[in-house]
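Visitor: model this:
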Amino acid sequence: MALANLDVEALKAKVLAAYKVNDPLVAKFREYARKLKDQVKPLRTYSVNAVAFVSTDGGDNRLTFNPSVIELVRVVDSRGNECALDAVANTTALSELESRAKAGTPSTVVPLQRLCSDLKKELRELSYLIRAAGTPGKSTGALRCYRDIVEWAVLYDLITNPNLQWGSDTILVRDGLLRTKSFRRDVFPDIDKRLREGVEAHLKRNVRLSLVGVAKQSAVLGQLAVALELEGTFQRDYPCYVQVPDDIEADCYNFDRTWLDTYETSDPDDEGRKLYQSLGRMFLVKFGDRGLDPVWPVDVAEWQLGQADKVLGQLTVDAQQGFPIPDYPMCIQRAHDYAKLTGLEIEIMQDLLLNGMCAGLAAEQAERLLRLKYLGRSLAALRYKEA
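Guide: Sure, this is the predicted structure:
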């Protein structure tokens, strides 16, 4: 056993010495936590219609029969509506992806087509990352970017589609923060502008549309977690929240401010353009009414900061119903349940892939593929099951 060969006392001394090096860093974040503690506010609850949309997880919803790998891109909302559906090969070239943004093709993804049409841009013009599609070693990142762009296209459609009219005050909840590296910095501001106009159009019909993004983790919460616990920042017997100041948030990240800046906080460049990749400001929120309930990072749309107390209070009503994750927005969990594909469903789609591969083969070759898939896998499974 490896542990038996260790000098535990010597190792303990080295670990503690290494930890001491981080004492100034811990002290700094504890000071941040004390600063936040003084600004924590209680949350009042407000009823509202909460709607979330979730994309199927790429790692769990992948069809593989090497060398063929098919990524499923499927976005479903918390009402069970399928907002977008696509299946993309891991070697798909950018030209093939761009067909998804063109109207009238068999592969059209409608929300993506609307987004590109409204922006008057091709898919390749939305992002630098997606241009690596089909490039060996970079295609995985490009498909991840494509999935994110489709999610944003669904959000854009939910807010700006003139054929979609919300009947009452609604809070739209994104599974993730309201910021992205997928879009170019000169493209995202146009999306932000159109989203604001969409919200205003609903307000003219006396329907208040609010927008938040909720994440399970973030660099800010990760860096502050220990300090928040040590200082008891959120250990209160009621739901509460605090807005994260810009200086604290910036100190938790190690990359460019375009991830942090919004229209209101970014400075124009030499051409007078504001370049940024975020439309939200971060809050840390405890939806539960017990001291040790979880704290979540939540982005509130920049233009709705004045109503942050009400927006987060509306989200609290939904989050307190959360199951199986307690005090986490139920609408996100419901959308995830609709979006996820079970083992049986994946098996059925695997069979569809195999049938497609067999369609152009001679009977003898098709039989070999079937034997490889079913007999080979079964023997391996049985071998390790009995081990």
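
Visitor: what's the following helix or strand after the strand or helix carrying L155?
Guide: Element membership for L155, per DSSP states H and E: helix 139-160. The helix or strand immediately downstream of helix 139-160 is strand 170-175, counting by DSSP H and E.

Visitor: Sheet partners, orientation included, of that next one?
Guide: With DSSP bridges as the test, strand 170-175 is paired with strand 49-55 (parallel), strand 209-214 (parallel).

Visitor: Report the mean confidence score over the longest one.
Guide: The pLDDT scores in strand 49-55 average 92.

Visitor: got it, and stretch 276-293?
Guide: Averaged over stretch 276-293, pLDDT sits at 95.

Visitor: just to revisit the earlier point, output the contacting helices and strands for the helix holding L155.
Guide: With contacts defined as 3 or more CB pairs under 8 Å, 6 or more residues apart in numbering; DSSP states H and E, the packing partners of helix 139-160 are strand 49-55, strand 68-77, strand 82-89, helix 110-119, strand 170-175, helix 188-203, strand 209-214. From N, CA and C alone the C-beta is placed, and that goes for glycine too.

Visitor: Please identify which of these is closest to L341.
Guide: Minimum separation from L341 across those (CB to CB) falls at strand 68-77, 7.2 Å.

Visitor: got the contact list for that closest one?
Guide: Residues external to strand 68-77 that are found in contact with it (CB atoms under 8 Å, 6 or more residues apart in numbering): 51-56, 58, 61-64, 82-90, 109, 111, 143, 146-147, 150-151, 154, 158, 335, 338-339, 341, 349, 353, 357.

Visitor: Restricted to buried residues, select these in PyMOL.
Guide: Those of those that meet the burial criterion (16 or more other CB atoms under 10 Å) are gathered into one PyMOL selection, given here:
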select buried, resi 51+52+53+54+55+56+61+63+83+84+86+87+88+90+109+111+143+146+147+150+151+154+158+335+338+339+341+349+353
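
Visitor: how about the helices in this protein?
Guide: According to DSSP state H, the chain carries its helices in the segments 8-21, 23-37, 94-98, 110-119, 139-160, 188-203, 219-231, 246-252, 308-319, 330-339, 343-359, 363-370, 376-386.

Visitor: Need the ones you listed in TSV (columns: distance to S182 and mean pLDDT).
Guide: TSV is the format used below for these (distance: least, CB to CB, whole Å; pLDDT from 0 to 100):
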stretch	distance to S182	mean pLDDT
helix 8-21	36	83
helix 23-37	29	92
helix 94-98	13	94
helix 110-119	12	97
helix 139-160	4	94
helix 188-203	9	96
helix 219-231	18	93
helix 246-252	20	90
helix 308-319	25	96
helix 330-339	19	93
helix 343-359	26	72
helix 363-370	36	77
helix 376-386	36	53
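
Visitor: Would you mind finding the most buried of the ones you listed?
Guide: Each of the helices of the chain was given a mean neighbour count from mean count of other CB atoms under 10 Å, and the largest, a mean of 23, is that of helix 308-319.

Visitor: Pull the contacting residues for P326.
Guide: For P326, the contacting residues are G288, D293, P294, taking CB under 8 Å, 6+ apart as the criterion.

Visitor: any chance of the helices of the chain in JSON lines, plus distance to V212?
Guide: As requested, the helices of the chain are arranged in JSON lines below (distance: least, CB to CB, whole Å):
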{"stretch": "helix 8-21", "distance to V212": "37"}
{"stretch": "helix 23-37", "distance to V212": "19"}
{"stretch": "helix 94-98", "distance to V212": "29"}
{"stretch": "helix 110-119", "distance to V212": "20"}
{"stretch": "helix 139-160", "distance to V212": "11"}
{"stretch": "helix 188-203", "distance to V212": "13"}
{"stretch": "helix 219-231", "distance to V212": "16"}
{"stretch": "helix 246-252", "distance to V212": "17"}
{"stretch": "helix 308-319", "distance to V212": "6"}
{"stretch": "helix 330-339", "distance to V212": "10"}
{"stretch": "helix 343-359", "distance to V212": "30"}
{"stretch": "helix 363-370", "distance to V212": "48"}
{"stretch": "helix 376-386", "distance to V212": "44"}
